[in-house]
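Student: Predicted coordinates and the sequence they were generated for:
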Amino acid sequence: MIDSHCHLFDLAFINDVYETIDRAKEVNVRKILLVGFSNSTNIASLELAKKYPSYLYPTCGVHPSEITENYLEDILNLEKIIKNNKVYAIGECGLDYHYDTLYKEEQKKALEEQIKLSIKYDLPLVIHSRDAISDTYNILKKYPKAYGVMHCYSGSKEMALEFLKLGFYISLGGPVTFKNARVPKEVAEVVPLDKLLIETDSPYLAPTPFRGKRNEPSYLPYILKEISEIKKIEIDKLEEQLENNTIKLFRLE
């Protein structure tokens, strides 16, 4: 298994990050994408990844919730990091209208700037979209050379198929295991095997039976098992395909 999205540099892991990594290895999580989302977390991602080469793979981006009127400064800092370090994707980036839409226009502009960087440096995008599926789609559609993954996808199965047409993978996390989560289960059913990824988004969105608690990469098998049941496919076969998908998208060793 490969956890295609987590935040082990988060303060939630400050006391046991190394033990958390050990637990992930014990359940056969073979690689982890360590996803930055701000200037400070991008640096934290790079620093932690250095301690686990060929196991932790850093990505760097500017999350929509981090966007202010000074977003261009953040984009400049991001490009400096990309130029001077080995990163495996740009993101997470995207749009989030759930809580505060004060900087909605700046979010859109910052997303476009990060898409341009992804094309310039030929890196996949890690896209966050919350309550903003339509705007996210319309922006991505403007850039046919862009590719990447819709992280912890929460939109409809119909829109998932549209993102696939744009060249994006769909990644599912803990919510697909929730008992009444009809939409993520429908998405798992319709997304082709060769376009699917899994993730924990640790420390957030822990799967059943840990819902509401701190999430961690060692819980990835619960997500894998749920999807294998939804898609009616042997778990070993699914695991191999999802690993191959993640290695291919992010060009992992």
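Tutor: Here it is on my side, so go on.

Student: So what touches the helix or strand harbouring residue 19?
Tutor: Assessed by DSSP states H and E, residue 19 sits inside helix 17-26. For helix 17-26, contacts defined as Cβ atoms under 8 Å, 6 or more residues apart in numbering pick out 3, 8-9, 13, 32, 48, 52, 55-56, 216-218, 220. Where you see a C-beta, it was placed from the backbone N, CA and C, and this is true even at glycine.

Student: and that helix, C-alpha only, in CSV?
Tutor: Extracted in CSV, the C-alpha atoms of helix 17-26 (Å, rounded to 0.1, in the frame of the first residue of the first chain):
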residue,chain,number,x,y,z
VAL,A,17,5.9,10.7,14.6
TYR,A,18,8.6,8.0,14.4
GLU,A,19,6.4,5.4,16.1
THR,A,20,3.6,6.4,13.7
ILE,A,21,5.9,5.6,10.8
ASP,A,22,6.9,2.3,12.4
ARG,A,23,3.2,1.3,12.7
ALA,A,24,2.6,2.1,9.1
LYS,A,25,5.5,-0.1,8.0
GLU,A,26,4.2,-2.9,10.2
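
Student: From the chain's centroid, how far away is that helix?
Tutor: Helix 17-26 sits 20 Å away from the centroid of its parent chain (Cα atoms, centre = their mean, to the nearest Å).

Student: Report the mean per-residue pLDDT for it.
Tutor: Mean per-residue pLDDT for helix 17-26: 98.

Student: hang on, the earlier thing: please render the contacts of helix 17-26 as TSV that adds neighbour count and pLDDT to the earlier fields.
Tutor: As requested, the contacts of helix 17-26 are exported to TSV (neighbours: other Cβ atoms under 10 Å; pLDDT from 0 to 100):
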residue	neighbour count	pLDDT
3	29	98
8	26	98
9	24	97
13	20	98
32	27	98
48	18	98
52	16	97
55	16	98
56	21	98
216	25	98
217	24	98
218	21	98
220	29	98
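
Student: which one of those residues sits closest to residue 74?
Tutor: Checking those against residue 74 by Cβ to Cβ gives residue 9 as the nearest, at 17.6 Å.

Student: I'd say the closest one and residue 44 touch.
Tutor: Yes: if you go by Cβ atoms under 8 Å, residue 9 and residue 44 touch, sitting 3.8 Å apart.
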